[in-house]
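Enquirer: Sequence plus predicted model, see below.
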Amino acid sequence: MDIDKILVIVAGTLGIVFTYWFFLMKREKEVSVENEVDITVSGGYSPEVISIPKGKLTKINFLRTDPTDCLSEIVLGDFKIRKNLPLNQKVTVEITPQRTGEFPFACGMNMYHGKIVVR
Amino acid sequence: MTEIKKTFPIKGMHCASCVRILEKSLSRVNGVSSAVVNLATEQAAVTFDPNKVTDDDLASAVANVGYKAGLEQQLKSEDEQKQEKQKELKALKSKVLISLGLGSLIVWGSFPGLSDFAPAILRNFWIQLILATPVQFWAGLIFYQATLPALRHRTANMDTLVAIGTTMAFSYSAFVTIFPQVVEMIGVKAETYFDVSTIIIGLILLGRYFEAKAKAGTSEAIKKLIGLQAKTARVLRNGKEVDIPITQVVIGDVIRVRPGEKIPVDGKILEGISSVDESMITGESIPVDKVKGDIVVGATLNKTGTFLYKATKVGADTMLSQIIKLVQEAQASKAPIQRLVDLISSYFVPAVIMLAILTFVVWYVFGSTPAFLFAMLNAIAVLIIACPCAMGLATPTAIMVGTGIGANKGILIKDAESLETAHKIKTVIFDKTGTLTKGLLIRSRL
């Protein structure tokens, strides 16, 4: 086999491993929240994973600073909330979770993800 | 620079001089071009430049002279949002037209067969580079803008795939244009693929454009429900009857309703007798007689008499608002089947990138010559074809449209889960005839 083919195989394998590691093996930092939290929406959600107490009203303030159209909606399907996020304008969502568990939230196209952990 | 007009209620006005003071204070705010205050309706109409003036500025201008502005309910008016959307659509449209226009020129000059009939200037690689550059970095800027912040979060999306794919095609072609001898030295014919990058960007933007237009229609159902509401209410204020926008009716207001009018908000009759068509809420087509002390529901139709009633529920508390809220909640709810889609879509983009790399390797190692070109083009194809947005959008869009149409026909669906279990229904039980029949006389035979 030619040297260039071997090089491409090695580089390709490394590329696949790197892609897997980069996107799928990231550690999610969980932010513990009491009462209120600000989530910045820019290329994703930060913080991405929040934990909130069960049975207590929690305010989540979304502030979108990224013009990407994909992010212009926030969907918290488990809480029956779908809201538009106008650019640079705070949008508050109030939830009072009644059971524990993990509840994902996402953009309108389900491309960017975040998670609410109820404890 | 565009100016917008905003109308909001003012609390605490009681004399004609208040009007002057308020108007003066509001027009002194930098960026406000006109301010008109109406005492009878207790509201201010302000025209201003939204870049210079915020709601807080207006609220504090009102508060400074001792009144309170009811601005909180209408942070951003629908008109403003609509204007913004229109502007975005227009910008998108021009990007689509320009990219596809320049793209077709490049296709004409480079596509095998077609290029024989093209003027020599279009076949020049440098000209193609000049035509492709604005498409890549101006029209295609949004793909980079979406990709870079996403990468910082270690996530990837549809835009990432488009950005990687078109950048590969563009930079290879630019390299060929600038250093054709290098490519020819390794035995590959100097050929550019600017058509790939420009046409892909143009077509994907075209898809976005259609999608944005379609999205504007999904909230139609809600708008129709809101349209059922009366726009104004005839309220007794200071012994006079004045017509005010329904948003400014407060609990305790005494409202006059005349025959043929819609009842503005929920309340209790103080005086007068009438019959009211409540079919919108109950399905009962025969008008219901109403006397003093009876409850009336907003958005139902007053038929025969005139009456005065006291508003007991306004704004978000009225029955119609509750129905609208129910529909909105149903539209936002998640069908159980969607959980599977959620799971897949979070792995989708990284998986596509890995597949594209694999495609490149396999074509390079086992493909025919020129191996590098085939490998690159096929890897780009894998990146571009995989558009996961459709997958993410399908279920929620179906739910939104379904519940919306249902609401229009008087069927309220609680949430997506009910919709998903609905196929198991075997027996339906109705409570009364009004739900099923229209109760209207229709000529059947002559």
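Expert: It's in. Quick caveat: nothing in here was measured; it's all calculated off a predicted structure. Numbers count the residues shown, from 1 in each chain, chains lettered A, B, ... in the order given.
Enquirer: Which strand or helix spans the one residue in the stretch 51-200 of chain B that gets nearest to chain A?
Expert: Per Cβ to the nearest Cβ, residue B:149 is where the stretch 51-200 of chain B lies closest to chain A, at 2.3 Å. In short, each C-beta sits where N, CA and C put it, glycine included. Assigned by DSSP states H and E, residue B:149 falls within helix B:141-152.
Enquirer: give me the number of residues near the residue of the stretch 51-200 of chain B closest to chain A?
Expert: Neighbour count for residue B:149, taken as other Cβ atoms under 10 Å in any protein chain shown: 18.
Enquirer: Poorly predicted segments of the stretch 201-350 of chain B, please.
Expert: For the stretch 201-350 of chain B, the stretches with pLDDT under 70 are B:214-221, B:342.
Enquirer: So which residues on it come close to chain A?
Expert: Contact residues (Cβ under 8 Å from any Cβ of the partner chain) of the stretch 201-350 of chain B with chain A: B:208, B:212, B:328-334, B:338, B:341-342, B:345-347, B:349-350.
Enquirer: Which among the residues you listed count as buried?
Expert: Buried by 16 or more other Cβ atoms under 10 Å in any protein chain shown: B:208, B:212, B:328-334, B:338, B:341-342, B:345-346, B:349-350, out of these.
Enquirer: How about the closest residue to chain B within chain A, nearest residue that isn't a chain neighbour?
Expert: Nearest to chain B in chain A, going by Cβ to the nearest Cβ, is residue A:43, at a distance of 2.3 Å. Sequence neighbours aside, residue B:149 is the residue nearest to residue A:43 in space, at 2.3 Å (criterion: Cβ to Cβ, 6 or more residues apart in numbering or on different chains).
Enquirer: Model confidence score at residue 34, please.
Expert: Unless you meant another one, I'm taking chain A. As predicted, residue A:34 sits at a pLDDT of 85.
Enquirer: my question was about chain B
Expert: On the pLDDT scale, residue B:34 is placed at 80.
Enquirer: Run through the bridge partners of it.
Expert: residue B:47 (DSSP bridges).
Enquirer: So what's the residue count around it?
Expert: By other Cβ under 10 Å, the residues close to residue B:34 number 13.
Enquirer: contacting residues for it?
Expert: Counting by Cβ atoms under 8 Å, 6 or more residues apart in numbering or on different chains, residue B:34 touches B:27, B:46, B:47.
Enquirer: okay, now the first one: neighbour count?
Expert: Residue B:27: 16 surrounding residues under other Cβ under 10 Å.
Enquirer: again, but for residue B:294
Expert: 16.
Enquirer: separation between the closest residue to it other than its chain neighbours and chain A?
Expert: Among residues not flanking residue B:294 along the chain, residue B:269 sits closest, at 5.1 Å (Cβ to Cβ, 6+ apart). To chain A, residue B:269 is 35 Å away according to Cβ to the nearest Cβ, to the nearest Å.
Enquirer: Buried residues, the helix or strand hosting residue B:372. List them.
Expert: In this structure, residue B:372 sits in helix B:371-385 according to DSSP H and E. Across helix B:371-385, burial judged by 16+ other Cβ under 10 Å covers B:371-380, B:382-384.
Enquirer: between the residues you listed, which is closest to residue B:361?
Expert: Lowest distance from residue B:361 to the buried residues of helix B:371-385 (Cβ to Cβ) belongs to residue B:375, with 7.6 Å.
Enquirer: hang on, the closest one packs against residue B:360?
Expert: Yes - with contact defined as Cβ atoms under 8 Å, residue B:375 reaches residue B:360; the gap is 4.6 Å.
Enquirer: Now intersect the buried ones among the residues of the stretch 201-350 of chain B next to chain A with the strands, please.
Expert: Using DSSP state E, no member of those falls in strands.
Enquirer: so of these, which ones are in helices?
Expert: Mapping those onto helices (DSSP state H) picks out B:208, B:212, B:328-332, B:338, B:341-342, B:345-346, B:349-350.
Enquirer: Show me where the chain has its strands.
Expert: Just going to use chain A. Here chain A has its strands, by DSSP E, at A:30-32, A:36-41, A:45-46, A:49-52, A:58-64, A:73-76, A:81-84, A:90-95, A:101-107, A:113-118.
Enquirer: wait, chain B
Expert: Along chain B, counting by DSSP E, strands occupy B:4-11, B:32-38, B:43-48, B:68-69, B:232-237, B:240-245, B:254-257, B:266-272, B:274-277, B:288-290, B:295-296, B:301-302, B:307-313.
Enquirer: where does the residue of chain A closest to chain B fall, phi/psi-wise?
Expert: Phi and psi for residue A:43, reported as degrees, to the nearest 10, are phi 60, psi 20.
Enquirer: is it true that it touches residue B:145?
Expert: No - using Cβ under 8 Å, residue A:43 makes no contact with residue B:145, being 9.1 Å away.
Enquirer: Which of the strands of chain A has the highest mean neighbour count?
Expert: Counting by mean count of other Cβ atoms under 10 Å in any protein chain shown, strand A:73-76 has the highest mean neighbour count of the strands of chain A, with a mean of 22.
Enquirer: Give me the contacts around that strand.
Expert: The contact list for strand A:73-76 (Cβ under 8 Å, 6+ apart) reads A:41, A:62, A:81-85, A:91, A:93, A:95, A:103, A:105-108, A:110, A:116, B:332, B:334, B:396.
Enquirer: mind listing what it pairs with, with the direction of each?
Expert: strand A:81-84 (antiparallel), strand A:101-107 (antiparallel).
Enquirer: now the angle from the last one to strand A:58-64?
Expert: Using axes from the mean of the first three to the mean of the last three Cα atoms, to 10 degrees, the interaxial angle of strand A:101-107 with respect to strand A:58-64 works out to 20 degrees.
Enquirer: distance of residue B:355 from residue B:85?
Expert: Computed as Cβ to Cβ, to the nearest Å, the residue B:355 to residue B:85 distance reads 35 Å.
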